[in-house]
Structures are given as structure tokens and as C-alpha cells.
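Colleague: What follows is a predicted structure for the sequence shown.
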Amino acid sequence: VQLAESGGGVVRPGGSLRLSCAASGFTFSSTVMSWVRQAPGKGSEQISIIGPDGGSTWYSRSVMGRFTISRDNAKSTLYLQMNDLNPDDTALYHCVRGGNAASRDSWGQGTQVFVSS
């Protein structure tokens, strides 16, 4: 299993970023996927989940209405569109195979997002 995130960077409050995760080594199109972030000095926070066909999604309260998870099964790629970013969104963002804690079994290295004026 390989998960490779990209798209992080430095952005001002109110700005947007789009994260991508290229997946390989497993049947992506039949796998629930998640985004999990780790902020400095804090534990991990699962922020979004998407079903295998993209028809079902879930968001944490902290990102609901601002972030959108999606996937392209033909490209084995997971996305996270992040809008209206604020400093609390500063974190290392990981692409994760699986949904709930019991099923999450593979993590990418992460891509860093830094929101600052």
C-alpha cells in the first residue's frame, strides 16, 4: 500500500488549498478513505471520510461547510478541497486507508498546511 499526499503549503487566512493523495497497491475503488490531520502539540483528528463510490461523505464539525472530500477512482486519487482556511487548520494532513478507527490501517507521510497572515 502506498499513499502519497501533495498540495500542502503556506496560505493566508481565508485562502484555499486542494490536497491530493495518489494511492496504489490496493483496490482503491472499493476502499473507504479518510483524511486525518495532526496539529502541532495535538492528537490526530479525523476530519473527513468518503465511501468507495464517493456517494457518501462525513465531515467533522471543525471543517464542515468549508472542506470537500472527493475521489477519482479511475485515477486512484483522493482529494480534499479546503476553503476559508484559518490558523486552526494548520496541521500535517494525512491520507488514510479506511474509515473508522478500527479499519484505518495505512497512512501516507502527510502534507503540511500552514495558515498564517
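Modeller: It's in. Note that the structure is a prediction, hence the values are computed from the model and not measured.

Colleague: List the contacts of the residue most central in space within the chain.
Modeller: Geometric centre of the chain, nearest residue: Trp35, 2.9 Å, by C-alpha atoms, centre = their mean. Applying C-beta atoms under 8 Å, 6 or more residues apart in numbering to Trp35 gives the contacts Leu19, Gln46, Ile47, Ser48, Ile69, Leu78, Leu80, Tyr93, His94, Cys95, Val96. Bear in mind the C-beta positions are built from the backbone N, C-alpha and C, glycine included.

Colleague: Most neighbours of all those residues, which one?
Modeller: Most neighbours among those, by other C-beta atoms under 10 Å: Leu78, with 29 neighbours.

Colleague: out of everything not next to it in sequence, what's closest to that one?
Modeller: Cys21 (4.1 Å; C-beta to C-beta, 6 or more residues apart in numbering).

Colleague: And Gly25, by the same measure?
Modeller: Val1 (4.4 Å).

Colleague: tell me the contacts of the one you found?
Modeller: Ala23, Ser24, Gly25, Phe26, Arg97, Asp105, Ser106.

Colleague: Check which residues of stretch 55-66 are buried.
Modeller: Of the residues in stretch 55-66, Tyr59, Val63 count as buried by neighbour count, 16 or more other C-beta atoms under 10 Å.
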